[in-house]
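1. my questions concern the predicted model and sequence given below.
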Amino acid sequence: MKIPLTLVSASLLLIFGNNLAAQQRELPFSENLNGDLLEKSLTQTMEVYIELEPQRLLSRQHNNSQQLKNNTEAVQALKRRLSAMNIKIIKNKTKGNGVHAIVKSRDIASIKALPGVKNVMPVVQHSLDHTNSVPWIGAPQAWQILNGNGDNNGDPISVAIIDTGIDYYHQNLGGEGSVAEYQADDPDVIEPGSFPTNKVVAGWDFAGLDASNPSPDGDPIDHHGHGSHVAGSSAGIGVQESIGLGVAPGAEVYAYKVFGDIAGTTGLSHLAINRATDPNQDGSTDDHVDVMNLSLGSSFGMKGSAGANAADAAAAAGVVVVISAGNSGNIPYIVGSPSIAAGAVSVASSIAGGTVQGADVLSEDSSVEGVIRAVEGNHVNRFSQGYSISGEMVAAEPHNGCVAFTNADQFNGEVALVIRGACSFNDKYANAEAAGASGIVVYNDGADDTRNNPFVMGGLASERMISGVMISHSNGAGINQAISDNQATSIVVDNSTKANTDPTNDDTLSGFTSRGPGDGNIFKPDLTAPGQGIVSTGVGTGTGSANFSGTSMAAPHVAGVAALLKQKWPNISSAGIKAMMQNSSTPAYIDGVAGSSQPYPLSLQGVGRVRAEIAATLTSYAYPGGVSFGRINPTSRVIVRREVTIKNLSGLARTYTVEHQP
């Protein structure tokens, strides 16, 4: 048996607003109308999708613009007929060549009889599968292998989140999803029946309003958002059509708030570590949590700090202590404290692969056709709720969309193409909406090398009703040229439109992730996990999500994996769980999974990216999982010895092979 062993010689977030694109399927409505719709009373309302012929706005055979115009007019005619029947059309909630509407059961037959109507289908809501990052690290496979997801047969694994607190009203963290209750919460007292909950089972606020002038209390409610996002990644239970499951959704959560409501810095993390190691404060650590996550720290971490010492003590007591490495970039020794603690698992950030939101571009110019990457703006009408962008594209004039469109007469449900820059995204949305656009596509301006790829457009007012996406400069410039050349071009963006990620980016490290080694040339960071573009709990939204990036987002993925392993191996030491995760990791390569030729330095990635599905199968581990030989003078011959122990958990005789892979 071969066990990988890595040898080495020598607050933390970026925030964007966004919701996760979920999978949604529609079930066909039976021809004889004997399905679910007729089981309801004839006056009961429901949402349906009314589909017209043909199914696509523009065929792949490059039909001319007249066909596109005819199809668009057919949709508009359907809307007029539905309005005449007093049927409510859901603005912008369209897909392909049809409309979404709120109807009464008794109207279904009349709608099916309208000219050009192909089908009437009820919109059936289905739960979201997962975000990209959770399946990317193999968590769903691990759940099957372990026959559990942190629930531990009714005695859940405990994960302490030491952070800005937790929004325990949010559905992803076991609450009812009431925004009103969250807003009415007094952070200094615990409202009757509000806390603890079945999910967030304990906690404490060490900070109060300002961590520099602590005013502790028993209510760890989160008014910042960081801690709630982190908790969702490690142990969230998911929200239908909004947020995917966390890595260990069956685990219970302890909320320890060490940052004040005004955020800032904190010197209180060691107190929370001590509390999580002895929750009932009786002097015995028998009741310690199984895992703790600290997505916080300071650069150029030093051994001997209060936080690092507390982390080592917790690890010695049996707690798996997971801490973010930091967001200070590729600078030697800048890895943060308290992740510098020898017993802690210091986590770097990488980019998850898989599929992302896409946009299907159809054009008479074949060079711009295809499914491209698109990033949904932080608008109200989410694709995950069934809204979409669909129609012929018209380039806005002026092209930056910063003032009222001078070509507004060209918009009657068309989609506006706008370039980034010169004003806020809210202004661009507002002007597109005022012109009569049904959606907006913004492309990056390519002003420099950093302004090609799309990102989440924030700062959008709640009254913005159209949906929008950002696409890359290269894609947008090509589409704009096709439109300028009078090549009819349309776009369809909805929840089911997915684009594959770029394999040259998959598993590459985030540019912000902090480099080791640590103080005294200790092996740091220890592991890598996805931390860029992570969608999780949106504080104060009840059911909504937020998109954050940082090693803060990477750490809770590892904390979740640790929780899964603790379910299988409850009596293994924290060092053993750490080693299992390191032994089962996969190296991160500079050219991504596509090339896999040049690995990142160990001082950037640790031993590699965590693999839950492999860790779940291990029956042996070698520890420590990463070994440093310190700073060595290459001009002289030096012999340095380190000991590695192999632990066999199988109960059977095993033979192990030791190899060195440069």
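-> Arrived safely, thanks for sending.
2. remind me which residues of this protein are low pLDDT?
-> 1-47, 54-71, 90-97, 105, 121-131, 241, 263, 594-596, 662 (pLDDT under 70).
3. domain ranges for it?
-> Per automatic domain parsing, the domain ranges recorded for the chain read 6-15+130-353+506-586+604-648, 36-122, 355-500.
4. can you list those domains in CSV and add mean neighbour count and distance to Val593?
-> All C-beta atoms are positioned from the backbone trio N, CA, C, and that covers glycine. Formatted as CSV, these follow (neighbours: other CB atoms under 10 Å; distance: least, CB to CB, whole Å):
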stretch, mean neighbour count, distance to Val593
domain 6-15+130-353+506-586+604-648, 23, 5
domain 36-122, 16, 30
domain 355-500, 20, 12
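5. as TSV, those with distance to Gly592 would be great.
-> Shown next, in TSV, are the domains of the chain (distance: least, CB to CB, whole Å):
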stretch	distance to Gly592
domain 6-15+130-353+506-586+604-648	5
domain 36-122	30
domain 355-500	13
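6. nearest to Glu659, of these?
-> Closest to Glu659 of the domains of the chain is domain 6-15+130-353+506-586+604-648 (CB to CB; 11.3 Å).
7. helices along the stretch 301-450 of the chain, start to end?
-> 306-317, 425-435 (DSSP state H, counting those that start in this stretch).
8. so what touches the shortest one?
-> Put plainly, it is helix 425-435. Helix 425-435 is touched from outside by 377, 379, 396, 400-405, 407-408, 411, 416, 418, 439-440, 442, 457-461, 464-466, 468, with contacts defined as CB atoms under 8 Å, 6 or more residues apart in numbering.
9. looking at the residues you listed, which are in strands?
-> Ala416, Val418, Gly439, Ile440, Val442, Gly468 (DSSP state E).
10. so what's the residue lying closest to the third one once chain neighbours are set aside up against?
-> Computed as CB to CB, 6 or more residues apart in numbering, the closest residue to Gly439 that is not its neighbour in sequence is Ile389, at 3.4 Å. Neighbour list for Ile389: 92, 359, 415, 438-441, 467-469, 491-494 [criterion: CB under 8 Å, 6+ apart].
11. one more: Asn452?
-> With the criterion set at CB under 8 Å, 6+ apart, Asn452 makes contact with Asn444, Gly446, Ser472, His473, Ser474.
12. against Arg373, how distant is it?
-> Separation of Asn452 from Arg373 (CB to CB, to the nearest Å): 11 Å.
13. any residues in contact with both of those two?
-> Ser472.
14. which other helices and strands contact the helix or strand where Ala477 lies?
-> If you go by DSSP states H and E, Ala477 is part of helix 473-484. Judged by 3 or more CB pairs under 8 Å, 6 or more residues apart in numbering; DSSP states H and E, the packing partners of helix 473-484 are strand 355-363, strand 389-395, strand 415-419, strand 439-443, strand 489-493.
15. could I get those strands in CSV, plus columns for distance to Lys199?
-> Formatted as CSV, the helices and strands packed on helix 473-484 follow (distance: least, CB to CB, whole Å):
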stretch, distance to Lys199
strand 355-363, 29
strand 389-395, 36
strand 415-419, 41
strand 439-443, 37
strand 489-493, 34
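16. tell me which of the ones you listed approaches Val561 most closely.
-> Of all the helices and strands packed on helix 473-484, strand 355-363 comes closest under CB to CB, at 21.9 Å.
17. contacting residues around the closest one?
-> 21, 56-60, 62, 132, 368-376, 383, 389, 441, 469, 471, 475, 479, 482, 487-493, 497-501.
18. can we see that at 7 Å?
-> Identification of contacts with strand 355-363 by CB atoms under 7 Å, 6 or more residues apart in numbering yields 21, 57-58, 132, 368-376, 469, 471, 479, 482, 487-493, 497-501.
19. and it, which strands flank it?
-> strand 370-373 (antiparallel), strand 489-493 (antiparallel), strand 498-500 (antiparallel) (DSSP bridges).
20. next, the residue lying closest to Thr537 once chain neighbours are set aside: secondary structure please.
-> In space, and not counting its chain neighbours, Thr537 is closest to Gly232: 3.6 Å by CB to CB, 6+ apart. What DSSP: H, G, I helix; E, B strand; the rest coil gives for Gly232 is helix.
21. Val48 now?
-> strand.
22. how close does it sit to Val492?
-> Distance from Val48 to Val492, by CB to CB: 19 Å.
23. just Val258 next, same as before
-> Between Val258 and Val492 the computed distance is 46 Å (CB to CB).
24. what do you get for Pro601?
-> Taking CB to CB as the measure, Pro601 and Val492 are separated by 43 Å.
25. list just the nearest of the contacts of Asn452 to Ser549.
-> Asn444 (17.3 Å).
26. Val375 and Val469: what is the separation?
-> Relative to Val469, Val375 is positioned 6 Å away (CB to CB).
27. now do Ala342
-> Counting by CB to CB, the gap from Ala342 to Val469 is 46 Å.
28. same check on His223?
-> Going from His223 to Val469 by CB to CB gives 31 Å.
29. who's in contact with Glu176?
-> Tyr169.
30. secondary structure class for it?
-> coil.
31. just give the closest residue to Ala313, not the sequence neighbours.
-> Per CB to CB, 6+ apart, closest to Ala313 is Thr277, 6.8 Å.
32. so Met292 sits against Ala276, correct?
-> Yes: using CB atoms under 7 Å, Met292 is in contact with Ala276, at 4.9 Å.
33. and the next helix or strand past the helix or strand containing Ile614?
-> In this structure, Ile614 sits in helix 612-615 according to DSSP H and E. Following helix 612-615 in sequence order, the next helix or strand is strand 620-623 (DSSP H and E).
34. give me the distance between the helix or strand following that following strand and the centre of its chain.
-> Using DSSP H and E, the helix or strand that follows strand 620-623 in sequence is strand 626-628. Computed by CA atoms, centre = their mean, to the nearest Å, the chain-centroid distance of strand 626-628 equals 31 Å.
35. each with direction, which strands does strand 626-628 pair with?
-> Counting by DSSP bridges, strand 626-628 is paired with strand 6-8 (parallel).
36. does Lys79 touch Val99 like I think?
-> Yes: Lys79 lies in contact with Val99 (CB under 7 Å); the separation is 6.0 Å.
37. identify the residue nearest Tyr443 in space, chain neighbours excluded?
-> Closest to Tyr443 by CB to CB, 6+ apart is Gly476, at 2.1 Å.
38. what values do phi and psi take at Ser133?
-> Dihedral pair for Ser133: phi -70, psi -40, per degrees, to the nearest 10.
39. quick check: closest non-adjacent residue to it.
-> Ser133 sits nearest to Pro530 (CB to CB, 6+ apart), 3.8 Å away.
40. where do the helices sit along the stretch 501-650 of the chain?
-> 551-568, 574-583, 592-595, 602-605, 612-615.
41. turn the ones you listed into JSON lines, including distance to Pro216.
-> As requested, the helices of the stretch 501-650 of the chain are exported to JSON lines (distance: least, CB to CB, whole Å):
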{"stretch": "helix 551-568", "distance to Pro216": "23"}
{"stretch": "helix 574-583", "distance to Pro216": "27"}
{"stretch": "helix 592-595", "distance to Pro216": "46"}
{"stretch": "helix 602-605", "distance to Pro216": "38"}
{"stretch": "helix 612-615", "distance to Pro216": "36"}
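42. which of those sits closest to Ile162?
-> The closest of these to Ile162 is helix 551-568. By CB to CB, the value is 10.6 Å.
43. centre of the chain to the closest one, how far?
-> Counting by CA atoms, centre = their mean, helix 551-568 comes out at 15 Å from the chain centroid.
44. again, but for stretch 489-509
-> 15 Å.
45. please apply the same query to stretch 389-406.
-> On CA atoms, centre = their mean, the centre of stretch 389-406 falls 30 Å from the chain's centre.
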